[in-house]
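# A predicted structure for the sequence below; I have some questions about it.
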Amino acid sequence: MLRWATLLDLLHGAGTTLLISLLAIALGVPLGLGISLARARRVPVLGTLCAVYSSFVRASPVVLFVMFVFFGLPALGLSLSPYAAAVAALALNTAAFNAEIWRAAILDVPRGQLDAARAMGMTGGVTFRRIVFPQIWRMSLPALVSEMTLLIKASPAIAVIGVVDLTRKARQVAAVTYAPLPPFFAAMVLYAVTLMLLVVAARGLERRVRARYAL
Amino acid sequence: MSFRWDVIWRELPQFGLGLANSAWLSTVAMTLSLLLGPWLALPLVSRRPVVRRASRAVVDVARCVPFLLLAYFVYFALPALGVRLDKWTASLVTLTVYNTAYIAEIVRGAWAQLPAGQTEAARAVGFTGFRLVRRIVLPQIALAAGPVFGNQLIQLIKDSAFLSIITVPELTYAANAVQSFYFVPFESFAVATLLYWALCAGVEQVVRWSEGRAQRIRYGA
Amino acid sequence: MLIRAIAMAVAVVVVAGTASAGSLEDIKKRGYMIVATEDDYPPFEFVVDGKPLGYDHALLALLRKVASFEIRQEILPWQGILPGVASGKYDVALSAAVITDERAKSLDFTQPIAESTMAYVKRKGDASIASLKDLNGKTLGVQQGGASFQVLPELEAELKKTGGKLGSVMQYGAFSEAYQDLVNRRVDAVIHNIVSLSTLISEKPDVFELGQRVGRKSYAAWAVQKNSPSLLTFLNEFLAQQRSNGSARELQARWLKITFDDLPKQPMLPGDRPMK
């Protein structure tokens, strides 16, 4: 049904999907933290901008956002290659959702702890590094991993700006062979298997975090 | 850096039609999957471990299929198996099949939150299967899980944007058609983003309103 | 401190190629030119196993030999190419873009590289479409943002003459999907330029059949941003040279399977009208 060469071709596309997704995650998680901090600390202009940005991005379809970043931003002078735009768009998108996850965790840190830290003379930075962050990253981990799964699930959007990911590879195979069933089915299986592994890992993580830190 | 908003203004009907199509496709699919989802939730809470585990696997895998791939599969690959759907039917089928797994999971999750005693009592009195779901479980979780269903609808609206690739004239398709004809990518996609945001804000507003009603029904305020 | 870290992260993401097109001098100063090609436009440009091939790509290889600067190639879907050139993101659309009145408003074109009159393709053996007038009421497939879409008003006018009207139109992102839907009977005919359709039919003669010409005679050329005279001259000189030394003819024979020996020396609007 599917030649080995084609399967390898699809796997090549899967590699691109994973690479771009990982880069986007690596950028999006800390960016989300930054956005949530800007809002939590009530930084004057930046905080409101972040809130507005977050609201718009979370209501945007990923495919539209990807097209906006790639096709639309050059009008503002910001021109990216398809691959750079894919990473940027996915990162910016996931950052908005991650910001909400971080925000929930930040709000869960007992106020008393922050007051005590200040009373002991710790600066904001030290308080964050030694008191707040160790707690919030553990609290956020399951939700962040869940969001990573959603990012990979939404990553086919990058195929529409020409990135040769798994989806575009499947399309190319179908276009050449006029037999769309094998490549699309194989691609579906590859995505599903990858995501299932992530979901299982996320569930395992959640159990362990709960058990160890009694959250 | 001059923007051509006049073009957008001229093509506003196309955007409006796209928005309407996005809205009705998502709503109809949501309604259909709300009818089908609870049926799928039943095996998820079955007392027989085999049924429970098998259905768990099905729902988990179903939630791991990217929407665009499913749309491609339904629209381009199924004809090879003799199932040739027009783009509207294919869209509704894809959206509904995709969403039903999520609804089943939401129903199961909300059901698990209900006091276990209720389900046991209902079963003891003779409610089983779908009657149990319809008369006992659904009325309660419908009130409680409003926001969760609302979020799912927003997610569905966003996923429906992928349908533009199978030439369904919804909002993203309209934005792409306008931008590639007039060379106005920034203006076109910015307006589409705004319209999606408005649509989602509308859904959130409806959820908030229904939550208010749910409170009044529950506590008779 | 965190804000600074975020600012740096954003800057890193932003750094890739904030180019704005300009004249030849800008390109020479910059050291590189950015050209955009499509990934699904046989026989002009297409990708096989990751390698770009086709008539335009072969010309690009020759262009690289005479250019004193680097030429970077971006391969992307059609809907991004012309808007990208119009906004200055790319210097040249090194793609066989059909010259149309609408496009001439926002872009300048080189001399034609091929004739690209529009035609339609139908399923082989589809007797319901024997000639152009039989397209009356039929479902048509075109490309979103393509010249195939822009030729529709002419088709409509043509159909009106025989008492017919335009059927429903499906706009596809790429032609490969349009062809698949033609096979699946979701569309009755797909409109594209005659060279690309001939290539399709030569690959699948038992599936597709060429129909008649649609609209006026039109030409394909490379596109640049408006008001880039030095860049245009550079490209035109290159193309004229390929014509005079026979390379153009040889490449046409190899890739397009048809040679155009009498192309105009200036870009022309459909119907052999000079540019305004």
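Thanks, I have it. Numbers count the residues shown, from 1 in each chain, chains lettered A, B, ... in the order given.

# drop to CA atoms for contacts and neighbour counts, all remaining ones
Fine.

# so where's chain B shaky on pLDDT?
Segments of chain B classed as low confidence (criterion: pLDDT under 70) are B:1, B:220-221.

# So which residue is dead centre in it?
Geometric centre of chain B, nearest residue: residue B:156, 3.8 Å, by Cα atoms, centre = their mean.

# Can you tell me the element it falls in?
helix B:146-159 (DSSP states H and E).

# Equivalent analysis for residue A:185, please.
Counting by DSSP H and E, the element that carries residue A:185 is helix A:181-213.

# Helices of the stretch 101-250 of chain C, start to end?
Here the stretch 101-250 of chain C has its helices, by DSSP state H, counting those that start in this stretch, at C:101-104, C:147-150, C:152-161, C:175-183, C:194-203, C:229-244, C:247-251.

# Repeat that for chain A.
In chain A, the helices defined using DSSP state H lie at A:4-40, A:44-58, A:62-67, A:82-108, A:111-119, A:124-127, A:133-154, A:166-177, A:181-213.

# ok, now chain B?
B:5-10, B:12-44, B:49-62, B:67-72, B:87-113, B:116-125, B:129-131, B:138-144, B:146-159, B:171-182, B:185-219.

# Any chance of those in a markdown table with distance to chain A as columns?
Below are these laid out as a markdown table (distance: least, Cα to the nearest Cα, whole Å):
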| stretch | distance to chain A |
| --- | --- |
| helix B:5-10 | 13 |
| helix B:12-44 | 11 |
| helix B:49-62 | 6 |
| helix B:67-72 | 6 |
| helix B:87-113 | 13 |
| helix B:116-125 | 22 |
| helix B:129-131 | 29 |
| helix B:138-144 | 21 |
| helix B:146-159 | 4 |
| helix B:171-182 | 6 |
| helix B:185-219 | 4 |
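
# For residue C:114, find the nearest of those.
helix B:171-182 (22.3 Å; Cα to Cα).

# now the closest one: how far from the chain's centre is it?
Here the centre of helix B:171-182 is set off from its chain's centre by 24 Å, with Cα atoms, centre = their mean, to the nearest Å.

# between it and helix B:185-219, how big is the angle?
Per axes from the mean of the first three to the mean of the last three Cα atoms, to 10 degrees, the angle that helix B:171-182 makes with helix B:185-219 is 170 degrees.

# quick one: contacts of helix B:171-182?
Helix B:171-182 is contacted by residues A:64, B:7-8, B:11, B:14-22, B:161, B:164-165, B:167, B:184-185, B:187-189, B:192, C:79-80, C:82-83, C:144-146 when judged by Cα atoms under 8 Å, 6 or more residues apart in numbering or on different chains.

# Residue A:74 is in contact with residue C:87, correct?
Yes: Residue C:87 sits in contact with residue A:74 when judged by Cα atoms under 8 Å, with a separation of 7.0 Å.

# Those two: which has the busier surroundings?
residue C:87 (27 against 24; other Cα atoms under 10 Å in any protein chain shown).

# ok, that one - contacts?
A:74-75, C:225 are the contacts of residue C:87 under Cα under 8 Å, 6+ apart.

# Just name the closest of the residues you listed to chain B, please.
residue A:75 (6.3 Å; Cα to the nearest Cα).

# Give me the pLDDT value at the closest one.
For residue A:75, the pLDDT comes out at 82.

# Go ahead and confirm it touches residue B:187.
No: between residue A:75 and residue B:187 there is no contact under Cα under 8 Å: 9.1 Å.

# Please report phi then psi for residue C:51.
Per-residue torsions, residue C:51: phi -100, psi 130 (degrees, to the nearest 10).

# I misspoke; the intended subject was residue C:245.
phi -90, psi 10.

# now it: how far from residue C:239?
Per Cα to Cα, to the nearest Å, residue C:245 is found 10 Å from residue C:239.

# quick one, which of the two is more surrounded?
Shown here are residue C:245 and residue C:239; by other Cα under 10 Å, residue C:239 has more neighbours (20 against 10).

# how about the residues of chain A near chain B?
For chain A, the residues in contact with chain B (Cα under 8 Å from any Cα of the partner chain) are A:56, A:59-65, A:67-68, A:71-73, A:75-76, A:153-154, A:156-157, A:167, A:179-181, A:184-185, A:187-189, A:191-193, A:195-196.

# show me which of those neighbour chain C.
Checking the residues of chain A next to chain B against chain C (Cα under 8 Å from any Cα), the matches are A:71, A:75.

# Sort out which of the residues of chain A next to chain B are buried, if you could.
Neighbour counting over the residues of chain A next to chain B (16 or more other Cα atoms under 10 Å in any protein chain shown) leaves A:56, A:59-65, A:67-68, A:71-73, A:75, A:153-154, A:156-157, A:167, A:179-181, A:184-185, A:187-189, A:191-192, A:195-196 as the buried ones.

# looking at the helices of chain A, which one has the lowest mean pLDDT?
The lowest average pLDDT among these, as it happens, falls on helix A:124-127, at a mean of 83.

# which residues touch that one?
A:114, A:117-118.

# ok, 7 Å please
residue A:117 (Cα atoms under 7 Å, 6 or more residues apart in numbering or on different chains).

# next one: stretch B:203-210
B:146-147, B:150.

# Kindly recompute the last result at 10 Å.
B:143, B:145-151, B:153-154, B:157, B:197-202, B:211-214, B:216 (Cα atoms under 10 Å, 6 or more residues apart in numbering or on different chains).

# Figure out how far that stretch is from the centre of its chain.
Centroid separation for stretch B:203-210 versus its chain: 15 Å, with Cα atoms, centre = their mean.

# can I have it written out in CSV, keeping just the CAs?
Only the C-alpha atoms of stretch B:203-210 are listed here, as CSV (Å, rounded to 0.1, in the frame of the first residue of the first chain):
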residue,chain,number,x,y,z
VAL,B,203,-19.9,32.6,22.7
GLU,B,204,-18.3,33.6,26.1
GLN,B,205,-21.1,36.1,26.7
VAL,B,206,-23.8,33.4,26.0
VAL,B,207,-22.0,31.1,28.4
ARG,B,208,-22.0,33.8,31.1
TRP,B,209,-25.7,34.4,30.5
SER,B,210,-26.5,30.7,30.7
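
# Looking only at it, what residues are buried by neighbour count?
Quick answer for stretch B:203-210 (16+ other Cα under 10 Å): B:203-204, B:207.

# Same question for stretch B:181-197.
Result for stretch B:181-197 [16+ other Cα under 10 Å]: buried residues B:181-189, B:191-193, B:195-197.

# Could you chop chain C up by domain?
Using automatic domain parsing, the domain parsing of chain C gives C:19-115+C:218-257, C:118-214.
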